[in-house]
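Student: Following is a predicted model, sequence given first.
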Amino acid sequence: MMKVKFNKFERIAGLFVVLAIVGVILTAISAAVKQGWFEPKVRYTTTFENADGIHQGTLVQMAGLRAGAVETVELESDNRIRVGFYVLGKFQDRIRENSTVQLIRPFIIGERVLELTVGNEEFEVIPGHSAVKSIETVDLMTLMSGKHLNSYLSKLGGILESVQVLVDAFADKSRAESLVRVIDRLDPLVKNLNTMSMEVIKLSKQATHDDGVQKLVGNLAVTTREINKILPELNEQNPEMAKDLAVMTQNLAVMTKALGPAVKQVEGELPGASVRLVQALDETVVVLKAMQKSFFMRSSVKEVKDEETQDRLPANK
């Protein structure tokens, strides 16, 4: 068997070739490690109303780092887009119940990526093959797309038509002057409303000072209870009080009617005290008559009036 001999240059060249092959292998292994080819993958799902710009292989980021990629994009029966993606195992403990997924564009132009937010530690970790909540986003390029631009332009056209109607309306000088007058009256109106609100606040403070309203209502309730206790006892112990009060009222009325004309004739000669006395008698009659009309003396007064009518019949005959 012949031995192959390599000269010095051939040996150096072969060494360089071997080193190059080893470098390529090491570079490939390093790239695979960086790409997470040897990392365990945890898969999740999410849904979007509009998945424009997303496809199989779309990058999944977490806090700006490459965390995984999109594996499947499917249209569901409810017209929502179901997206399946995976993340590397080292990112799984950062995906928690408050984490969300949204489609963003890192730059103004360029492909969209799936941004996965980092969850708070007080929430539980989401297990694999679970659904992650999604957030719909709109960027500048999406707005400028023909699908949305046409609808926006149509809405803008409607707004411009409405503005044109307003411009035509205020082109009339009388309408413009009316609007100016209305605006001029707004300032006094606001001042009056401010003054009224301040007065209402003062009134409410006075009403609620030291629980005044509550005390008043409480005292009225106590007074009502006491009156309800006294009235039955008063009617039971002195049933003739209403009759006597009615007779006294009638006598006072007769005396007042008799004294009234006489006092008017000599009013200038009588001292002031006598005039005030007659006025006091008139007021007393009014008060007693008002008391007769109260609910607890009304029946007794009627009985007294009937008796007086019967007593006066023989005299009239």
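Tutor: Sure thing, it's come through.
Student: Show me what counts as buried in stretch 73-85.
Tutor: Within stretch 73-85, the residues that count as buried by 16 or more other CB atoms under 10 Å are Val73, Ile81, Arg82, Val83, Phe85. Where you see a C-beta, it was placed from the backbone N, CA and C, and this is true even at glycine.
Student: For those residues, which two are the farthest from each other?
Tutor: Ile81 and Phe85 (12.3 Å; CB to CB).
Student: would you list the buried residues of stretch 73-85 in a markdown table and tack on pLDDT, secondary structure and distance to Glu39?
Tutor: Formatted as a markdown table, these follow (pLDDT from 0 to 100; DSSP: H, G, I helix; E, B strand; the rest coil; distance: CB to CB, whole Å):
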| residue | pLDDT | secondary structure | distance to Glu39 |
| --- | --- | --- | --- |
| Val73 | 92 | strand | 23 |
| Ile81 | 90 | strand | 27 |
| Arg82 | 92 | strand | 25 |
| Val83 | 93 | strand | 21 |
| Phe85 | 94 | strand | 15 |
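Student: can I get the residues you listed in CSV with distance to Ala131?
Tutor: As requested, the buried residues of stretch 73-85 are exported to CSV (distance: CB to CB, whole Å):
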residue, distance to Ala131
Val73, 15
Ile81, 13
Arg82, 9
Val83, 10
Phe85, 11
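Student: with these in mind, which one is nearest to Leu59?
Tutor: Of the buried residues of stretch 73-85, the one sitting nearest to Leu59 (CB to CB) turns out to be Phe85, at 9.7 Å.
Student: for that closest one, what are its contacts?
Tutor: Listed by CB atoms under 8 Å, 6 or more residues apart in numbering, the contact set of Phe85 reads Arg43, Tyr44, Thr45, Thr46, Thr58, Val60, Gly68, Ala69, Val70, Glu71, Leu114.
Student: Top of the residues you listed by number of neighbours, please.
Tutor: Counting neighbours by other CB atoms under 10 Å, Leu114 comes out on top of the contacts of Phe85 with 26 neighbours.
Student: Once you drop chain neighbours, what's closest to it?
Tutor: Val60 (4.6 Å; CB to CB, 6 or more residues apart in numbering).
Student: Which strands and helices lie in contact with the helix or strand harbouring that neighbour?
Tutor: According to DSSP states H and E, Val60 maps onto strand 59-62. For strand 59-62, the elements it packs on are strand 65-75, strand 81-88, strand 113-116, judged by 3 or more CB pairs under 8 Å, 6 or more residues apart in numbering; DSSP states H and E.
Student: Now do the same for Gly53: helix, strand or coil?
Tutor: At Gly53, secondary structure determined by DSSP: H, G, I helix; E, B strand; the rest coil is coil.
Student: how much space between it and Glu226?
Tutor: Distance, Gly53 to Glu226, using CB to CB, to the nearest Å: 83 Å.
Student: related to what we said a few turns ago, show me the beta-bridge partners of the residue nearest to Leu114.
Tutor: Val60 has these beta-bridge partners by DSSP bridges: Gly68, Leu114.
Student: That one reaches Glu71, doesn't it?
Tutor: No: applying CB atoms under 8 Å, one finds Val60 not in contact with Glu71, separated by 9.8 Å.
Student: So Gly53 and Glu226 - more neighbours on which side?
Tutor: The residue with more neighbours, out of Gly53 and Glu226, is Gly53; 16 against 10, by other CB under 10 Å.
Student: mind listing what that one touches?
Tutor: The contact partners of Gly53, taken as CB under 8 Å, 6+ apart, are Leu103, Arg105, Glu111, Arg112, Thr142.
Student: what packs against the helix or strand harbouring Val200?
Tutor: Using DSSP H and E, Val200 maps to helix 173-208. Other helices and strands packing on helix 173-208, by 3+ CB pairs under 8 Å, 6+ apart, are helix 146-170.
Student: pLDDT averaged over the helix it packs on, what's the number?
Tutor: Over the span of helix 146-170, the pLDDT mean works out to 78.
Student: and what of stretch 118-128?
Tutor: 90.
Student: buried stuff in that stretch?
Tutor: For stretch 118-128, using 16+ other CB under 10 Å, the buried residues are Gly119, Ile126.
Student: For Phe85, give the beta-bridge partners.
Tutor: As for beta bridges, Phe85 partners with Tyr44, Val70 under DSSP bridges.
Student: and the gap between it and Arg11?
Tutor: From Phe85 across to Arg11, the span is 51 Å (CB to CB).
Student: Equivalent analysis for Ile135, please.
Tutor: 63 Å.
Student: Check Ile227 too.
Tutor: Using CB to CB, we find Ile227 at a distance of 129 Å from Arg11.
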